[in-house]
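Visitor: structure, please.
(chains A, B, C and D)
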Protein chains: 2
Amino acid sequence: MKKEVTTLKKIAQILEISISTVSRALNNHPDISHETSKKVKDLARKLHYMPNMFAKGFRQHKTNIIGVIVPNILSYFISTILKEILLQAEVNGYRVIISETNNDVKKEKEMLHTMLQFGVDGILMSLSKNTVNVDPILHALNQKPLILFDKVSNKIPCTQVIIDGEEATFNAIEHLINIGKKRIAIIKEFEQSYNSERRFQGYLRALKTNNIPIDKKLIVSTHDISLKKGRSLTSQLISLKEKPDAIFCITDAAAIGAIQTLKKFNIKIPEDIAVIGFSNSLNSTIVEPKLTTLDQPGKRIGEIAMNCLVTEIEEPKEHLTIKTIEIKTNLIIRESTLLSI
Amino acid sequence: MKKEVTTLKKIAQILEISISTVSRALNNHPDISHETSKKVKDLARKLHYMPNMFAKGFRQHKTNIIGVIVPNILSYFISTILKEILLQAEVNGYRVIISETNNDVKKEKEMLHTMLQFGVDGILMSLSKNTVNVDPILHALNQKPLILFDKVSNKIPCTQVIIDGEEATFNAIEHLINIGKKRIAIIKEFEQSYNSERRFQGYLRALKTNNIPIDKKLIVSTHDISLKKGRSLTSQLISLKEKPDAIFCITDAAAIGAIQTLKKFNIKIPEDIAVIGFSNSLNSTIVEPKLTTLDQPGKRIGEIAMNCLVTEIEEPKEHLTIKTIEIKTNLIIRESTLLSI
DNA sequence: AAACATAACGCAAACGTTTGCGGTAACGTT
DNA sequence: AACGTTACCGCAAACGTTTGCGTTATGTTT
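Guide: Residues are numbered from 1 along each chain as shown, chains lettered A, B, ... in the order given. Take a look at the predicted model:
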């Protein structure tokens, strides 16, 4: 199992030169003659020399590891982001440690601590659902570059990368209005959800802009949005005296639940009630009718977040970088809002 | 940004004792008096002491990092495994570095190299689709504990954790036979896919056991199984003179494609043609009719793989551990095979 | 009282790498 | 001939931690 490991020392001994020369040769230091440089490199290759990352990281206080903390790895959207983060990390010569909080604030704090202790060069993080005390994060931010994505908080002064949910929702609602819908319901989360709240703002603005009165009965909220909640809240909506003629859900899962319930009660989609989701998840094209939804470009988020982080790591500023990058998104129109006129 | 960092040295200076004593105190070495031990620990806490992992790993040649290499992180099944790996890693005090190969053999080799160079304590790996040259993996296996899961190869002498696809498929096919199906088609991958091949063996055995002749026209293969391929291969199947009365797909995605095509041609599911998939993915309950499928307990795989690896790391043997752990799975019967008799 | 055991701690080396500084030789310049 | 320059290389310290061994003081046994 154990293998003889080649070090600079060994190479130096064989070649009868000093360790420093070997080190410099391998790092292309100009002080080394082309001849020795070549000898060293050849031997290093032959002996399968691998620099000991620990000695290296130990010396130069740089680990080339980036920590990523997300609530739930099972989410397709998150996976998309992770995929791109991994790619960009590789391109930039970093490795990635991933941790999951499962929306547990205590764990979130622990993971943050572990990562710092481990000496990551920077942190990419998506907050868990009920992070109220941001002190641990501020503390981390004080030590290493940290960037928030998707699930963010305006209480934390750092670079944040998010989807422009406000405008996205605005467009989606206007699309519903354009196809003649007037009683547009929304299924959302409670106020503490940043994303939900922004989407709700877009909903309100679209209605206001188009002079449609706001009916509080058409605004329903839940703590844990899901397919099941989509179903139950939809039952609630269609039992109203004045039914909605469209339902906007801040999540594809909820939208699919809505569709299932509507079909169960033989309500025609989109003629009677149109449905829009949010995410452009895989399921949105499997469900029938296919779901109109808002694309969530996870790739872009991952790409931007990672590149911002690398910049902050490699070009450290005196003061914290505070900026919010909002990524525009597209409405993908499918059968659930496609009126065949 | 930079923060004063507390080291053993600093604590030692303040307390006017030696560094070794501080180290031992924090590591609960018996040589240290309870009194000093307490003083040290108190001060350490007060100064937010964090052991420098690099100095530590450097000293004891142990990183407490485990490398995970998978073909594609976007797969729900893989995500499930990863989720459990992360959990078990945390429980056992390890951190996890994840890399994606995207089924690129060259990248696979690189990742392996990087991980070894980085000094991971062990590797968990799922092979990419077309890994033929296993030398790099053998080389890695020679240096550190390595365990394969899901996508494995019998050319590599190590612990392997897989789903018992043979028996699973056998059960699925027998289920089809039990509901009266006789011309059972299979949509699979070409021979080089280990998993596909094992499932195919189960298919053959089930037919043989039940004295059903094998019709080669009902066996279709592809290199890249997917939803689209599920569609096209199904069109191919239903254009046969003697149509199948059931289709078994080695993948949920392909099965959903099959369902879509069957519906398009107004073929009744399951009366005319029944469909079974493999994975119990999220989509399998969204599609209509809901898909009968085989559960893939990713959680179990992740759990077992991780625990085996930890054992191999912490209790090293002289010889390589060679064993294959096959996890049984359940048939989940849903509408796509539910004949309402 | 001598010999020994024990508890508690310090010394110093070691892990593999990087790097500032200094040194040597060879050459070119006045 | 004396000096400056350049190219190339080695010495040794440093990073923070662990650990074998040595040391001291104290207590215990004969």
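Visitor: show me the beta-bridge partners of residue A:95.
Guide: residue A:65 (DSSP bridges).
Visitor: show me what contacts it?
Guide: Neighbouring residues of residue A:95 by Cβ atoms under 8 Å, 6 or more residues apart in numbering or on different chains: A:64, A:65, A:66, A:89, B:97, B:99, B:114, B:118. Where you see a C-beta, it was placed from the backbone N, CA and C, and this is true even at glycine.
Visitor: Throw the residues you listed into JSON lines and include pLDDT, thanks.
Guide: Listed next are those as JSON lines, based on pLDDT from 0 to 100:
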{"residue": "A:64", "pLDDT": "85"}
{"residue": "A:65", "pLDDT": "88"}
{"residue": "A:66", "pLDDT": "94"}
{"residue": "A:89", "pLDDT": "94"}
{"residue": "B:97", "pLDDT": "93"}
{"residue": "B:99", "pLDDT": "95"}
{"residue": "B:114", "pLDDT": "85"}
{"residue": "B:118", "pLDDT": "79"}
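Visitor: ok, and the most crowded of these?
Guide: Greatest neighbour count in the contacts of residue A:95, by other Cβ atoms under 10 Å in any protein chain shown, goes to residue A:66: 27 neighbours.
Visitor: now do the same contact list for it.
Guide: A:89, A:94, A:95, A:96, A:97, A:120, A:121, A:122, A:123, A:124, A:306, A:309.
Visitor: from these, keep the buried residues only.
Guide: A:89, A:94, A:95, A:96, A:97, A:120, A:121, A:122, A:123, A:124, A:306, A:309 (16 or more other Cβ atoms under 10 Å in any protein chain shown).
Visitor: which ones, among those residues, also lie beside DNA strand D?
Guide: Applying Cβ under 7 Å from any atom of the strand, the subset of these adjacent to DNA strand D is empty.
Visitor: between those, which sits nearest residue B:204?
Guide: Residue B:204 lies nearest to residue A:96 out of the buried ones among the contacts of residue A:66, by Cβ to Cβ, at 42.3 Å.
Visitor: just checking, the closest one touches residue B:97?
Guide: Yes. In this structure, residue A:96 is within contact of residue B:97 by Cβ atoms under 8 Å, at 6.6 Å.
Visitor: quick one on the thing from earlier: filter the buried ones among the contacts of residue A:66 down to just the ones in helices.
Guide: Of the positions in the buried ones among the contacts of residue A:66, A:89, A:306, A:309 sit in helices, assigned by DSSP state H.
Visitor: any idea which of the residues you listed is closest to residue A:274?
Guide: Nearest to residue A:274, judged by Cβ to Cβ, of those is residue A:306 at 37.0 Å.
Visitor: just list the residues touching the closest residue to residue A:281 other than its chain neighbours, thanks.
Guide: Using Cβ to Cβ, 6 or more residues apart in numbering or on different chains and skipping residues adjacent in sequence, the residue nearest residue A:281 is residue A:252, 4.3 Å away. The neighbours of residue A:252, taking Cβ under 8 Å, 6+ apart as the test, are A:277, A:278, A:279, A:280, A:281, A:283, A:284, A:291, A:293.
Visitor: which of those residues sit farthest apart?
Guide: A:278 and A:283 (12.4 Å).
Visitor: near DNA strand D, which residues of chain A show up?
Guide: Taking Cβ under 7 Å from any atom of the strand as the measure of proximity, chain A contacts DNA strand D at A:16-21, A:31-37, A:58-59.
Visitor: and residue A:143, how many neighbours?
Guide: 16.
Visitor: what subset of the residues of chain A next to DNA strand D is also close to chain B?
Guide: residue A:58 (Cβ under 8 Å from any Cβ of the partner chain).
Visitor: about what we covered before: who has more neighbours out of residue A:278 and residue A:283?
Guide: residue A:278 (29 against 24).
Visitor: in space, what's closest to the more buried one - neighbours in sequence excluded?
Guide: Residue A:278 sits nearest to residue A:294 (Cβ to Cβ, 6+ apart), 4.9 Å away.
Visitor: same question for residue A:195.
Guide: Counting by Cβ to Cβ, 6+ apart, the residue nearest residue A:195 is residue A:165, at 5.5 Å.
Visitor: from what I see, that neighbour and residue A:205 are in contact.
Guide: No. Using Cβ under 8 Å, residue A:165 is not in contact with residue A:205; the gap is 11.9 Å.
Visitor: more neighbours, those two?
Guide: Using other Cβ under 10 Å as the criterion, residue A:165 and residue A:205 rank with residue A:165 on top: 24 against 16.
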